[in-house]
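**Student:** pasting the sequence and the predicted model now:
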Amino acid sequence: MMEVRTTRRSVLGAGLALAGARTLAQPSALTDEQRSALKQANADPTLAPDLLLPEQDMAWWRDAKLGVFVHWGLYAIPGRGEWHMDNDKVPAQRYAQLARRFDPKHYDPDAWAALAADAGARYMVLTARHHDGFALWDSPASVGRFDARHAAARRDLVAPFVTAVRRAGLHPGLYYSPMDWRFPGYFKPHELTANAYAMKRQGYGQVEELMSRYGRIDILWYDGGWLAHQGTDADAAWFWEPDRLNRMVRRHQPQVVISPRSGWQGDFDVTEGDRIVTGPIRARAWEQCFSINRGGWGYTTYGDTLSGDDVVVRLVEAVVRGGNLLPNVGPDADGRIPAPQQRTLREVGAWMRRHGEAVQGTRAGPLQPVDGVWGTTQRGDLVYLHVLRWPAEELELPALPRRVRAARNLSGAGVGWREHERGLAVTVAAQDRGAPVTVIEFRLDAAA
Ligand code: GLC
């Protein structure tokens, strides 16, 4: 299992590079799980462009920068990650028995939301239903009523989540996987057509439940619109008809921000996995998601945990390129977020309290980032420089758009700067540098 995960991560990196050159992929040599990591991208931008949110409806999401992802379901009981059913070849009948034991005594979504708020996150996304087909809510559309209401929990677990997240002042998001391993038709859509279409009907019904029963939902995070673990989500668009699906979604939730994983391009792009992103600012809204627990997205009894600094570095590398960050936690079967994952989020919160103004409510730029070294964010007359590494005592930057009036070090006591004919030179004494990032605010002359 650990090995699968490790391999998966390297494949994941390769997969991202492959996004534009899919032909290089060797699907047969990969495990199902590895292929899952490769399945994103290649959505058809001409499919239902009228469904895209206008930029003004994306503003809150672009301002938010940080969310917390939660992978939680029956798979928390065996503690071998959310792919347990498929990885360990557990027959659907046997897997379903886990529902009888799913009674999360310590489920406290207010505590989850408080933790996310403390981390400085502005939104929280819960796996309402993952690939195993188990719905965390009371779901009449669920085939076989494989849901929390009919599990030992005997109640809807999504409703209190949405309420708690809103109460904490955060934006609620729901993750939903249209694919469902319980349906043999998922694996053989051409042979077992009726079964595959029963899965599709369930998907439409469940998405409609999620979009119509819990008040305003701010994010619909699809994952798994592909078929038979093959190709990409977009390759399966003939089957799912994501344009029709999302037209229904927009009827209920005109402003919900939709992920690209239904096969329709969605309102933002996804970068999956914990590699540190590089490259220029990306114009389209995008989000990097990864698990703080290196063992898996869902709860695992093994695996080490990324530190607060690890998350902060990824956050900075994302925001200076116009992205958001969605680190994931995996609560245990009782509903408790493991202590090391909580610690990581609290460390992120400590950093955010001091530096959040350089992150939230900003836009990337005005300068293009230098991979692994520095990048900038901006708001009005303020430019924030995020320095991850000091290649020399004096950091040389290209000129900012207007003259610098003042500079302030958010991470320590002082900062030195001088403008010269080629740009701007910045110095910060070693003891005044931040870890893992030094953030300097420059106030520019007001725009003419
Ligand atoms: C992958 C996996 C899934 C996880 C998701 C998060 O697609 O199939 O387990 O939920 O990534 O992005």
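**Tutor:** Structure received.

**Student:** spell out which residues of the chain are next to the ligand.
**Tutor:** Contact residues, the chain versus the ligand (CB under 6 Å from any ligand atom): 36, 71, 82, 83, 223, 272, 289, 297. Placement of C-beta: from N, CA and C, glycine included.

**Student:** and the furthest pair within the residues you listed?
**Tutor:** 83 and 289 (15.7 Å; CB to CB).

**Student:** could you report the neighbour count for residue 181?
**Tutor:** 22 (other CB atoms under 10 Å).

**Student:** helices of the stretch 1-150 of the chain, start to end?
**Tutor:** Applying DSSP state H, counting those that start in this stretch to the stretch 1-150 of the chain gives helices spanning 2-18, 32-38, 55-64, 84-87, 92-96, 109-118.

**Student:** just checking, what packs against the shortest one?
**Tutor:** The helices and strands touching helix 84-87, judged by 3 or more CB pairs under 8 Å, 6 or more residues apart in numbering; DSSP states H and E, are helix 32-38.

**Student:** least confident of the helices of the stretch 1-150 of the chain, on average?
**Tutor:** Between the helices of the stretch 1-150 of the chain, the lowest average pLDDT goes to helix 2-18, which shows a mean of 31.

**Student:** okay, domains of the chain per the record?
**Tutor:** 8-20+28-358, 365-444 (automatic domain parsing).

**Student:** just name the most buried of those.
**Tutor:** Among the domains of the chain, ranked by average contacts under mean count of other CB atoms under 10 Å, first place goes to domain 8-20+28-358 (a mean of 20).

**Student:** check contacts around the closest residue to the ligand within the stretch 301-448 of the chain.
**Tutor:** Of all residues in the stretch 301-448 of the chain, residue 328 sits closest to the ligand, at 7.2 Å by CB to the nearest ligand atom. By CB atoms under 8 Å, 6 or more residues apart in numbering, the contact set of residue 328 is 68, 69, 70, 71, 289, 290, 291, 292, 293, 297.

**Student:** bridging residues for the residue nearest to the third one when sequence neighbours are not counted?
**Tutor:** It stands for residue 70. Excluding the flanking residues, the one nearest residue 70 by CB to CB, 6 or more residues apart in numbering is residue 126, at 4.8 Å. Per DSSP bridges, the residues bridged to residue 126 are residue 70, residue 174.

**Student:** for residue 126, give its distance to the ligand.
**Tutor:** Going from residue 126 to the ligand by CB to the nearest ligand atom, to the nearest Å gives 12 Å.

**Student:** what does residue 124 give?
**Tutor:** 15 Å.

**Student:** please look at that residue and residue 114 and confirm they touch.
**Tutor:** No: assessed by CB atoms under 8 Å, residue 124 is found out of contact with residue 114, at 10.7 Å.

**Student:** any stretches of the stretch 101-250 of the chain with poor pLDDT?
**Tutor:** Counting by pLDDT under 70, not a single residue of the stretch 101-250 of the chain qualifies.

**Student:** and the residue of it closest to the ligand?
**Tutor:** residue 223 (5.0 Å).

**Student:** got the phi/psi numbers for that residue?
**Tutor:** With angles defined as degrees, to the nearest 10, residue 223 sits at phi -150, psi 130.

**Student:** can you check the one 4 residues further on too?
**Tutor:** The phi and psi values for residue 227, taken as degrees, to the nearest 10, are phi -130, psi 140.

**Student:** ok, what's across the strand from it?
**Tutor:** Beta bridges link residue 227 to residue 230, judged by DSSP bridges.

**Student:** what's the single longest helix in this structure?
**Tutor:** Across the chain, the longest stretch assigned as helix under DSSP state H is helix 193-212.

**Student:** what packs against the very next helix or strand once past that one?
**Tutor:** The first helix or strand that comes after helix 193-212 along the chain, using DSSP states H and E, is strand 219-222. Applying 3+ CB pairs under 8 Å, 6+ apart, one finds that strand 219-222 contacts strand 123-129, strand 171-176, helix 193-212, strand 257-258.

**Student:** what does whichever helix or strand comes after strand 219-222 contact?
**Tutor:** Using DSSP H and E, the helix or strand that follows strand 219-222 in sequence is helix 237-240. For helix 237-240, the external contacting residues (CB under 8 Å, 6+ apart) are 44, 47, 178, 189, 196, 200, 203, 225, 227, 243, 262-264.
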